[in-house]
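Q: sequence plus the predicted model coming up.
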Amino acid sequence: MIEFRSVTKQFPDGTVAVEGFDLVIPPRKTTVLVGSSGCGKTTLLRMINRMIDPTSGSILIDGEDTGGLAPVKLRRRIGYVMQNSGLLPHRKVVDNVATVPVLNGVPKKEARAHALELLDTVGLDRSLADKYPRQLSGGQQQRVGVARGLAADPNILLMDEPFGAVDPIVRAELQQETIRLQEGLGKTVVFVTHDIDEAFLLGHQVVILQKGGHIAQVGTPAEILARPADDFVATFIGADKGKRVLRIQNVDGRDVVVDENGTPTGVLQS
Ligand SMILES: Nc1ncnc2c1ncn2[C@@H]1O[C@H](COP(=O)(O)OP(=O)(O)OP(=O)(O)O)[C@@H](O)[C@H]1O
């Protein structure tokens, strides 16, 4: 479990990116932080692994205040996947994936063998292992980024707009893969996006943010769709335009989203 307690971040230039933020992120589920550009999503995510330190307040992981932990050590046990994969261009795919375990002291041979297994996990052919990132497509690079994020077998995986730069078809594939991975591996995933459809698809818990990291609404997709907290949320999720799904139907214990014609458009995460 990750807990934000009254967290504020003010940057040296005076910008208050996040103010008085409270949130409990449950373990082994996906929590999505969603909101417009500049509302504080990345700042919130990076405070979890102390790439950014809060100005005040605290962040606890399984009850332990991260403020008292060494940032480098903390970062090595939290996976991080960013937009444009962040791969090291001059290192082969397999070495990109093995970087963190090697830094953690795992012998190189062992780390490389595990990296090959991780390529399988994220649906990449092992023949790509000896290629360089530039020799891969954008979608493949993102998969390598996910494999690298998983390499140290972290309980927590932070994902910052990881699929923002790939085309819609590849993006849909990567989204399904993320759901499959999260379910299979039972990681606590914290995912940042500005895309509400992506948020509803991936999130067990969705947090809709306004400027300053203020929470407009937090809940399951079904709860938010059924009862938007206010006009801001209604507008943000598109409920006011009638373009958003109108009903949620429970079928065999799963919440199925049904469009205005009664056609199922997807299943919500339970
Ligand atoms: N290092 C910094 N110094 C000063 N201000 C910053 C810094 N980093 C972020 N900010 C500001 O803090 C606010 C929140 O930024 P943040 O990157 O967390 O937003 P975001 O929701 O992730 O946005 P985006 O979707 O555009 O990435 C913005 O106003 C941004 O300009």
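A: Sure, I can see it.
Q: contacting residues for the one residue in the stretch 101-250 of the chain that gets nearest to the ligand?
A: Nearest residue of the stretch 101-250 of the chain to the ligand (C-beta to the nearest ligand atom) works out as residue 194 at 5.3 Å. Where you see a C-beta, it was placed from the backbone N, CA and C, and this is true even at glycine. Neighbouring residues of residue 194 by C-beta atoms under 8 Å, 6 or more residues apart in numbering: 34-37, 41, 161.
Q: likewise residue 82?
A: 145, 159-162.
Q: repeat for residue 59
A: So residue 59 contacts 2-5, 7, 47-48, 65-67 (C-beta under 8 Å, 6+ apart).
Q: could you redo the last one with a cut-off of 6 Å?
A: For residue 59, the contact set (C-beta atoms under 6 Å, 6 or more residues apart in numbering) comprises 4, 47, 66.
Q: beta partners for it?
A: Applying DSSP bridges to residue 59 gives these bridge partners: residue 4.
Q: okay, whatever helix or strand residue 255 lives in in PDB with CA atoms only?
A: In this structure, residue 255 is located in strand 254-258 according to DSSP states H and E. Presented in PDB, the C-alpha positions along strand 254-258 are these (Å, rounded to 0.1, in the frame of the first residue of the first chain):
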ATOM      1  CA  ARG A 254     -18.400  -8.400 -14.000                       C
ATOM      2  CA  ASP A 255     -19.200  -4.800 -14.800                       C
ATOM      3  CA  VAL A 256     -19.800  -4.500 -18.500                       C
ATOM      4  CA  VAL A 257     -20.000  -1.100 -20.200                       C
ATOM      5  CA  VAL A 258     -22.900  -0.800 -22.600                       C
END
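Q: and the average pLDDT for it is what?
A: On average, the pLDDT along strand 254-258 is 73.
Q: same question, stretch 68-78
A: Rounded mean pLDDT across stretch 68-78 is 88.
Q: of the contacts of residue 59, just the buried ones, ChimeraX syntax please.
A: Typed into ChimeraX, the line below selects the buried ones among the contacts of residue 59, using 16 or more other C-beta atoms under 10 Å:
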select :4,47,66
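Q: now, which of the contacts of residue 59 sits nearest the ligand?
A: Looking across the contacts of residue 59 and measuring by C-beta to the nearest ligand atom, the closest to the ligand is residue 47, at 9.5 Å.
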